[in-house]
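1. Here is a sequence with its predicted model. Questions after.
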Amino acid sequence: MEHQAAGGIIAIIGGTGAEGTGLAKRFIAAGNKVIIGSRSTEKALMVAEDLKRGLPHADVSGMENQEAAAAGSIIFITVPYDALKETAERLSGRVTGKVVVSTVVPMASSNLRTYSLPMDGGSAALELQQLLPDSMVVAAFQTVSAKDLLAPDRELACDVPVCSDHQGAKEIIMSLASCVNGVRPIDGGLLENSRYLEGITVFLLNINRIYGVRSGIRITGI
Ligand SMILES: NC(=O)c1ccc[n+]([C@@H]2O[C@H](COP(=O)([O-])OP(=O)(O)OC[C@H]3O[C@@H](n4cnc5c(N)ncnc54)[C@H](OP(=O)(O)O)[C@@H]3O)[C@@H](O)[C@H]2O)c1
């Protein structure tokens, strides 16, 4: 099933990383218009060119993060947790009234394990909503591996829970998620549930170490 994002240009802040580029690849393949954002215009343009080489009809461009946020109507934040606050502060004013999606997982890894980082706000997505009170923050895609997103032949076959306090914004992102082949969006309720979504991602990463796989989630009973 393929949908166009609800009239939206998708801007991906930190879109030069694995998760942002992977999401871009999947959204472009489904016919969406994407802007890759970066702190460096040159780096953003390089990644956009790379994506175009793989998908010749792609509608993709590259811009510095602030420009990308101003030009986009659906803004994905795909930066590491320790860059979240500064990134949000730099975007403020450019994302007013827009849907802002956090894929961020506050975590760290040692040789033995992956673990959640302590947070003041309960979750990265809740912190983002506090930092951007005039935007509609949505939490989604944390549990989808960038390596899977980037592998064109990999059938995702997973659920993507979507959490937000803004029903309309949640519906836009559920519709967008459903355009990604093999993804079933799940209404994950209010944004406060993002704490479980971020936590279960850390759990999945530990499962991946044990089994040597890339795991995802499927909710049964729906
Ligand atoms: N990798 C995965 O499989 C995966 C899966 C689900 C969720 N996530 C989450 O998605 C987010 C992105 O993951 P990733 O693996 O793509 O991360 P990443 O490669 O470490 O970083 C993504 C991008 O963030 C920007 N960035 C890095 N440090 C920054 C800083 N101090 N200030 C501003 N921007 C900075 C960089 O872009 P520029 O240098 O171009 O500005 C970088 O390419 C993370 O929060 C992660 O927890 C990742």
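-> Happy to help now that I have it.
2. In the chain, which helix is the longest?
-> If each helix of the chain is counted by residues according to DSSP state H, the longest one is helix 194-211.
3. Report how many residues lie close to the residue in the chain that the ligand sits nearest to.
-> For the chain and the ligand, the shortest gap (Cβ to the nearest ligand atom) falls at residue 17, measuring 2.3 Å. In this view, the C-beta of every residue, glycine as well, is placed from N, C-alpha and C. Other residues within reach of residue 17, judged by other Cβ atoms under 10 Å, total 16.
4. Residue 65 too?
-> Quick note: residue 65 (other Cβ under 10 Å) scores 27 neighbours.
5. Next, the contact list for it, please.
-> Contact criterion Cβ atoms under 8 Å, 6 or more residues apart in numbering gives 13, 14, 37, 38, 39, 87, 90, 91 as the residues in contact with residue 65.
6. If you rank these by neighbours, which is first?
-> Of all those, residue 37 has the most neighbours under the rule other Cβ under 10 Å, reaching 33 neighbours.
7. Not counting stretch 188-203 itself, show me its contacts.
-> 102, 104-107, 114-116, 122-126, 129, 137-140, 142-143, 161-165, 217.
8. Any of these buried? List them.
-> If you count burial by 16 or more other Cβ atoms under 10 Å, the buried members of these come out as 102, 104-107, 114, 116, 123-126, 129, 137-140, 142-143, 161-164, 217.
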